[in-house]
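Trainee: 3D model of this:
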Amino acid sequence: MTISELVVATVLSISPVSEANASDNVWLNQQIECMAQNVYHEARSQGTAGRLAVMAVTSNRVQDHRYPNTVCEVVKQGPHRPSWKGTGELIPVRHRCQFSWYCDGKSDKVHDLKTYNEIRDLSALVVRGDINVIDITEGATHYHADYVSPDWAKTKTKTIEIEDHIFYRWEK
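Mentor: Just a heads-up that it's a prediction; the model follows:
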């Protein structure tokens with residue numbers, strides 16, 4: 001593989017947006033919002049590299065047949081159950097989802113609006129495909145904080161460490 005093929009192969013991309021979805025701004029805005037929420041809760045205290053790395057993992061999962069094929073489905077993947085409030089709303093089962101912030105039982109309220117807006121703007125550029133970003137995680141589909149050692153890490157290929165996250169690729 002040549003250097004240019006490698007660069008092209010590792011550019012972040014969200015699953016190709018169909019004609020119907022491309023014209024649906026509501027759907028696209030939901031995908032942007034899901035990406036922004038994920039990056040905010042997983043990497044808001046990190047620099048651009050850490051934030052882009054979380055976007056890369058989310059995008060790589062969208063592209064991987066073993067995961068759902070939209071950003072929102074990837075971010076919210078995991079078992080859900082009916083809310084105890086009886087509203088018919090489904091809520092994630094605690095500590096059983098792919099991204100810990102989504103099902104840790106804590107509030108997902110954004111407290112740092114300035115940081116969130118920066119992340120949302122970057123998410124919009126990436127999700128809409130307005131910019132091409134090199135996947136600095138080398139195809140990672142998993143990561144964890146450097147202060148934990150999950151069992152699944154032994155079954156994946158370590159690719160890179162960025163700030164306080166360690167990234168892994170799930171070989172095909």
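Trainee: could you list every helix and strand in contact with the helix or strand hosting L122?
Mentor: Here L122 sits within helix 113-128, counting by DSSP states H and E. Judged by 3 or more Cβ pairs under 8 Å, 6 or more residues apart in numbering; DSSP states H and E, helix 113-128 is in contact with helix 25-43, helix 48-63. Heads up, the C-betas are built off the backbone N, CA and C, glycines and all.
Trainee: buried deepest among those, which one?
Mentor: helix 48-63 (a mean of 22; mean count of other Cβ atoms under 10 Å).
Trainee: what about that one, distance to the chain center?
Mentor: 5 Å (Cα atoms, centre = their mean, to the nearest Å).
Trainee: so that helix versus helix 25-43, what angle?
Mentor: Counting by axes from the mean of the first three to the mean of the last three Cα atoms, to 10 degrees, helix 48-63 points 130 degrees away from the direction of helix 25-43.
Trainee: could you list every helix and strand in contact with helix 48-63?
Mentor: Right, helix 48-63 is packed against helix 25-43, helix 71-75, helix 113-128, strand 142-145, strand 157-162, strand 165-169 by 3+ Cβ pairs under 8 Å, 6+ apart.
Trainee: ok, and what's touching the third one?
Mentor: The contact list for helix 113-128, computed with Cβ atoms under 8 Å, 6 or more residues apart in numbering, reads 12, 14, 28, 31-33, 35-36, 39-40, 44, 48, 51-52, 55, 59, 71, 110, 130-131, 133.
Trainee: hmm, back to that, could you dump the helices and strands packed on helix 48-63 into JSON lines with mean pLDDT and distance to C103 added?
Mentor: Putting those into JSON lines (pLDDT from 0 to 100; distance: least, Cβ to Cβ, whole Å) gives the following:
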{"stretch": "helix 25-43", "mean pLDDT": "97", "distance to C103": "11"}
{"stretch": "helix 71-75", "mean pLDDT": "97", "distance to C103": "11"}
{"stretch": "helix 113-128", "mean pLDDT": "97", "distance to C103": "20"}
{"stretch": "strand 142-145", "mean pLDDT": "96", "distance to C103": "16"}
{"stretch": "strand 157-162", "mean pLDDT": "98", "distance to C103": "24"}
{"stretch": "strand 165-169", "mean pLDDT": "98", "distance to C103": "19"}
